[in-house]
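*Asks:* quick one: sequence plus predicted model below, questions after.
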Amino acid sequence: MSEAVRERPVASPCVSICALDEQDVCTGCQRSVAEIGAWGRMNNAERRQVLERCHQRALAAGLIIGA
């Protein structure tokens, strides 16, 4: 028998440092207000896209070093 493997939800990047900058992006997790609000309704592919954008924002802000 073949059973569908259920993928676990991608975890929220929230680090409980909730403060918005001038662009309405959280300084803790780097998500926008819209991304935070929609997180619970997103599928895993959408969540991974948000995480990539968060990574890019952190790189651009100099919060992390890497490529």
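*Replies:* Good, I have the coordinates.

*Asks:* so how far is Gly40 from Cys54?
*Replies:* Distance, Cys54 to Gly40, using CB to CB, to the nearest Å: 16 Å. For the C-beta atoms, the positions are set from N, CA and C on the backbone; glycine is no exception.

*Asks:* higher neighbour count, the two?
*Replies:* Cys54 (18 against 8; other CB atoms under 10 Å).

*Asks:* Gly28 is in contact with that one, correct?
*Replies:* No. Assessed by CB atoms under 8 Å, Cys54 is found out of contact with Gly28, at 10.2 Å.

*Asks:* where do the contact lists of the two overlap?
*Replies:* Counting by CB atoms under 8 Å, 6 or more residues apart in numbering, Cys54 and Gly28 have no contacts in common.

*Asks:* which residue is the nearest non-sequential neighbour of the residue nearest the centre of the chain?
*Replies:* Of all residues in the chain, the one closest to the mean position by CA atoms, centre = their mean is Leu51, 3.7 Å from it. Closest residue in space to Leu51, ignoring its immediate chain neighbours: Pro13 at 6.2 Å, by CB to CB, 6 or more residues apart in numbering.
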